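let's see this in three dimensions:
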Amino acid sequence: MGEAWLPGAGCARSSIDGGRMKGGAPRAVWLTLGADPEQISALSAAERLNQLGRPPHLVWNPVTGEVVQLIPIVRAACSLGPYGDACHEGRAGLAAGLHTSGPLAVAPRPGEAASINTEGRLCVQVGVVAFGWDPFTSGPVRGLPAILDWIDSWGVERRWPAGRPPAFAHAHNAPRSRKLWARGGHYGASQVPDCVTGGPGAIDVDLMTGQPLPDVAAATPRPRLAGTLTAMEVRAEDALARAG
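Residues are numbered from 1 along each chain as shown. Just a heads-up that it's a prediction; the model follows:
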């Protein structure tokens, strides 16, 4: 078992959390915060999320490598739910919300925090200072190995049961399977049941896990066209013809 606080991370401890975990397969969820990592620090984003009452466990800026922790890993975070993206995913995004009363100035209503936050032995939520429409794995990912090693130490497998997260433009209409969610592992927020978040977009999960994701489509047998025969059936037909 690892440490409840990521070694070397900054701290912006939230005054609230999502409560006790319910148990089940451990998992990690990656979500984007609708902010430019060239302009917004992880600490600024973490402080804003605390103000909104939507703290994840970690906020990470992949360009600078800065990581800030808000909640110990053994408690539930609050970023997943029916109230939309953890941060507004528009092109103004968190940068606007930090300084105005714009779309980010919307906190969950009392009792609105989704139970999805408490599902699993762990549900590690990593808020990435990035945009869902611009996958963060296409640029620097400084500090990622330390985050993954920490998540590993708590028994979360480096697998993506729901496959590759969909591109941001299609994420809101993508299926969110409870069966795949129950397996545990890593997920994009756009793959989480009962959550309407669109990020993190089409990130490179092979880069994140250090191993290629199996090609589910290639492993699935192709359906036969009506009226066609398999090679074995053709050989059997030929044998019958010769015997006749």
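
contacts and neighbour counts: CA atoms only from here.
OK.

and the residue nearest the centre of the chain?
In the chain, the centroid-proximal residue (CA atoms, centre = their mean) is Gly188; its distance is 2.3 Å.

any idea how far Pro135 is from the closest residue to Ala12 other than its chain neighbours?
Spatial nearest neighbour of Ala12, excluding adjacent residues (CA to CA, 6 or more residues apart in numbering): Leu70 at 5.1 Å. Per CA to CA, to the nearest Å, Leu70 is found 24 Å from Pro135.

looking at those two, which is more packed in?
Ranked by neighbour count (other CA atoms under 10 Å), Leu70 and Pro135 place Leu70 first, with 26 against 18.

list the contacts of the more buried one.
11-14, 46, 55-59 (CA atoms under 8 Å, 6 or more residues apart in numbering).

let's see that with 7 Å instead.
Leu70 makes contact with 11-14, 55-58, according to CA atoms under 7 Å, 6 or more residues apart in numbering.

before we move on, what about Phe168?
Counting by CA under 7 Å, 6+ apart, Phe168 touches 132-133, 198-199, 201-202.

per-residue confidence at it?
At Phe168, the model reports a pLDDT of 91.

where are the low-confidence patches of the chain?
1, 82-113, 211-244 (pLDDT under 70).

on that earlier part again, bridging residues for the residue nearest to the centre of the chain?
As for beta bridges, Gly188 partners with Trp30 under DSSP bridges.

Arg13 against Val68, yeah?
No - applying CA atoms under 7 Å, one finds Arg13 not in contact with Val68, separated by 9.0 Å.

what about the two, which has more around it?
Taking other CA under 10 Å, Arg13 and Val68 do not tie; Val68 has more neighbours (27 against 17).

what helix or strand is that one on?
Element membership of Val68 [criterion: DSSP states H and E] is strand 67-69.
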